[in-house]
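Undergrad: Need coordinates for the below:
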Amino acid sequence: MAPAPAVAPASQEVPVAAVPKLSPLKPTFSIPSSLGQTKKLGETKVEEEVSQVAEQVEEPSFTAAPAAQEIALTQALLDQAIFSIQDVFRTANRNLELTLLDQEIKVLDGEITLQVSGSIQEDIAQKMKPELMGLVRKFTGATSFAISIVQQEEAVDDKGKLYTSTDKLKFLREKHPALMELQRKFDLDVDF
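TA: Okay, the predicted model is just below:
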């Protein structure tokens, strides 16, 4: 006698293996063999992405954002933050920029005035201007200010150039009166 085939009761669920699984993998495609096929694949891919993006476009909802408080830069704020700003340049070994920041920096009506002497310092100041603006914002919290670069005029020497040795000796005697005393005391005869 043959055993009776097992009959599943009607109340049992369908086995898990019978339910098709959805694969998270994307379908594969063949590698194009020519440039024309590559362009076609690229065009169809772009068209698919455009259609997907077009379907996902939502109307933006506008809500009133709270107005950010505008902080104007003052000389006191800059004076508090200048050492931190200089320290950033010091740790980066940027000595040329430090020479500009070591000079007197004035703030007038929310405008920082950097004084430079010469075209080389002016170029350095122009290059560091964006970074300096970011550092000033970071360390002071100021939101409205500008940076201007002013060419500093060199002081004109009224005494003129010292060309001869006699002129140099006269200048040194005026500057250091003790030099004349040493010359007299040790009976030094300066012959030029």
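
Undergrad: show me where this structure has helices.
TA: Residue ranges of the helices in the chain, as given by DSSP state H, are 35-56, 75-91, 95-102, 119-140, 165-175, 178-185.

Undergrad: Just the C-alphas of the fifth one, formatted as CSV.
TA: This means helix 165-175. Once non-C-alpha atoms are left out, helix 165-175 reads as follows in CSV (Å, rounded to 0.1, in the frame of the first residue of the first chain):
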residue,chain,number,x,y,z
SER,A,165,81.8,110.3,5.3
THR,A,166,81.8,113.8,6.8
ASP,A,167,78.1,114.1,6.4
LYS,A,168,77.6,110.7,8.1
LEU,A,169,79.9,111.8,11.0
LYS,A,170,77.9,115.0,11.5
PHE,A,171,74.7,113.1,11.5
LEU,A,172,76.0,110.6,14.1
ARG,A,173,77.3,113.5,16.3
GLU,A,174,73.8,115.1,16.3
LYS,A,175,72.1,111.8,17.0
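
Undergrad: on that earlier part again, pick out the shakiest of the helices of the chain, pLDDT-wise.
TA: By mean pLDDT, the lowest-scoring of the helices of the chain turns out to be helix 35-56, with a mean of 64.

Undergrad: how many neighbours does the residue lying closest to Ala146 once chain neighbours are set aside have?
TA: By the measure of CB to CB, 6 or more residues apart in numbering, the closest residue to Ala146 outside its immediate chain neighbours is Glu111, 4.8 Å from it. Every residue, glycine included, has its C-beta placed from N, CA and C. Using other CB atoms under 10 Å as the criterion, Glu111 is surrounded by 12 other residues.
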